[in-house]
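A.B. asks: sequence? don't have it. structure:
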Ligand code: HEC
């Protein structure tokens, strides 16, 4: 149990370190929160606990694209209105992002893109490939729950 906690801790530390690397122009930027913290505390509300999106809030899914593409979208969202890198329109999200930055939810687009891909990315699975998709679908998040429960039980 102890060992597991240690492993989780060091994984977290690595994330925290990689989270505050170089900014867009190479200068060091230190963000108050890691990508994971920002996602959990803010993005999740609209884009879903697993990046699945939220139709009610008109927030698109973020789990259908990989880090490179996400990063471009995230730059656009943060740079407000230039829409140069991805060519997509993010008016609402740009507006949200300004507010989020005011509240201290700034983040490194690259770290955020990697976090989203690593945590949520699913290969698009069009219906017509059903035959090729056996019952080995990624295990649902429930596999992680016992770990935390056990960890808590040892307190
Ligand atoms: C208040 C709700 C809300 C919150 C909070 C929010 N978003 Fe969004 N987001 C939206 C909506 C609505 C859109 C779609 C409209 C648009 O792009 O302007 C969007 C679009 C996006 C897009 C573009 C997706 C695409 O399909 O191109 C990205 C990337 C994104 N959000 C990332 C984030 C990240 C990262 C956070 C957390 C820092 C976040 N969002 C927080 C509502 C939200």
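C.D. replies: Everything's here; your move. Here the structure is a predicted model, which is why all the values come from computation and not from measurement. Numbering: from 1, shown residues only.

A.B. asks: quick one: buried residues of the strand or helix carrying residue 46?
C.D. replies: Remark: residue 46 resides in helix 44-47, with elements defined by DSSP states H and E. When neighbours are counted by 16 or more other Cβ atoms under 10 Å, the buried residues of helix 44-47 are found to be 46-47. The C-beta positions use only the backbone N, C-alpha and C, and glycine is treated the same way.

A.B. asks: helices or strands up against that helix?
C.D. replies: For helix 44-47, there is no helix or strand it packs on, judged by 3 or more Cβ pairs under 8 Å, 6 or more residues apart in numbering; DSSP states H and E.

A.B. asks: That one: what's the following helix or strand?
C.D. replies: helix 67-79.

A.B. asks: can you give me the mean pLDDT across that following helix?
C.D. replies: For helix 67-79, mean pLDDT is 90.

A.B. asks: Then stretch 103-116?
C.D. replies: 95.

A.B. asks: for that stretch, how far is the first residue from the last?
C.D. replies: For stretch 103-116, the first and last residues are 21 Å from each other (Cα to Cα, to the nearest Å).

A.B. asks: hang on, isn't residue 61 packed against residue 49?
C.D. replies: No. Residue 61 is beyond contact range of residue 49, at 12.0 Å (criterion: Cβ atoms under 8 Å).

A.B. asks: Have a look at those two and say which one is more surrounded.
C.D. replies: Each of residue 61 and residue 49 has its neighbours counted (other Cβ atoms under 10 Å); residue 61 has more, 16 against 13.

A.B. asks: The closest residue to residue 70 other than its chain neighbours: what's it in contact with?
C.D. replies: For residue 70, ignoring the flanking residues on the chain, the nearest one in space by Cβ to Cβ, 6 or more residues apart in numbering is residue 113 at 3.9 Å. The neighbours of residue 113, taking Cβ atoms under 8 Å, 6 or more residues apart in numbering as the test, are 67-68, 70-71, 74.

A.B. asks: Residue 93 and the ligand, how far apart?
C.D. replies: Relative to the ligand, residue 93 is positioned 4 Å away (criterion: Cβ to the nearest ligand atom, to the nearest Å).

A.B. asks: And the helix or strand harbouring that residue, what's buried?
C.D. replies: Secondary structure assigned from DSSP H and E places residue 93 in helix 91-102. Across helix 91-102, burial judged by 16+ other Cβ under 10 Å covers 93-94, 96-97, 100.
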